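J.: Sharing a sequence plus its predicted fold:
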Amino acid sequence: MRKLAFFCLIMASTSIRAEVYKCVGNFGKTVYQSRPCTNTSKEQQLDIKTTPDPAQEAAAKAKLDAARAEYQAKKTADEQLQAEKDKEAAAALDLAGKNAIGQQQQQEDRQRQKEEFEQ
């Protein structure tokens, strides 16, 4: 399986060539086609390479790396911001819980005092 994947990778990275013929007809009309021109037209074979220029490929890779770094930095900043928000929410919830417990204890103390006063 690894050999097949390696072979496919090698085949994909090799340059691909396409035969394109530029034909100029009798009336000056230019036509591009994959077959050789007929005898009545002037023929010029074009050699088109579909592999990118190494400089363009390096520039594209650098641009991709920069975009990935920017994405990662934004993701990290967003995660930190979310962690801070979660921490603040947990603190607020804890404070609200303590406040509720305190109010409940005050209510119980008032009830106890009221019962003691009535006796």
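T.: Received it, and whenever you're ready, just let me know what you need. Residues are numbered from 1 along each chain as shown.
J.: what residues go with each domain of the protein?
T.: According to automatic domain parsing, the chain comprises the domains 16-51, 52-119.
J.: What score does residue 12 have for pLDDT?
T.: Residue 12 is assigned 54 on the pLDDT scale.
J.: Now the element after the worst-scoring helix or strand of the chain on mean pLDDT, going C-ward?
T.: Lowest on mean pLDDT, DSSP states H and E among the helices and strands of the chain sits helix 2-13, with a mean of 56. Elements were assigned by DSSP states H and E; along the chain past helix 2-13, the next helix or strand is strand 17-24.
J.: For that following strand, the averaged confidence score.
T.: Strand 17-24 comes out with an average pLDDT of 74.
J.: Now for residue 115, how many residues are close by?
T.: Number of residues near residue 115 (other C-beta atoms under 10 Å) recorded here: 9. The C-beta positions use only the backbone N, C-alpha and C, and glycine is treated the same way.
J.: pLDDT on the helix ranked longest in the chain, on average?
T.: Counting by DSSP state H, the longest helix found in the chain is helix 54-118. Computed over helix 54-118, the mean pLDDT rounds to 91.
J.: Distance from that helix to the middle of the chain?
T.: Relative to its chain's centre, helix 54-118 lies at 26 Å (C-alpha atoms, centre = their mean, to the nearest Å).
J.: One more: stretch 108-119?
T.: Counting by C-alpha atoms, centre = their mean, stretch 108-119 is centred 66 Å from the centre of its parent chain.
J.: Output that stretch in PDB, but only the C-alpha positions, please.
T.: C-alpha atoms of stretch 108-119 as PDB (Å, rounded to 0.1, in the frame of the first residue of the first chain):
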ATOM      1  CA  GLU A 108     -33.000  30.800  58.100                       C
ATOM      2  CA  ASP A 109     -31.500  33.000  60.800                       C
ATOM      3  CA  ARG A 110     -34.400  35.400  60.600                       C
ATOM      4  CA  GLN A 111     -36.900  32.500  60.800                       C
ATOM      5  CA  ARG A 112     -35.100  31.100  63.800                       C
ATOM      6  CA  GLN A 113     -35.000  34.600  65.500                       C
ATOM      7  CA  LYS A 114     -38.700  35.000  64.800                       C
ATOM      8  CA  GLU A 115     -39.500  31.600  66.300                       C
ATOM      9  CA  GLU A 116     -37.400  32.300  69.400                       C
ATOM     10  CA  PHE A 117     -39.000  35.700  69.800                       C
ATOM     11  CA  GLU A 118     -42.500  34.200  69.600                       C
ATOM     12  CA  GLN A 119     -41.800  31.600  72.300                       C
END
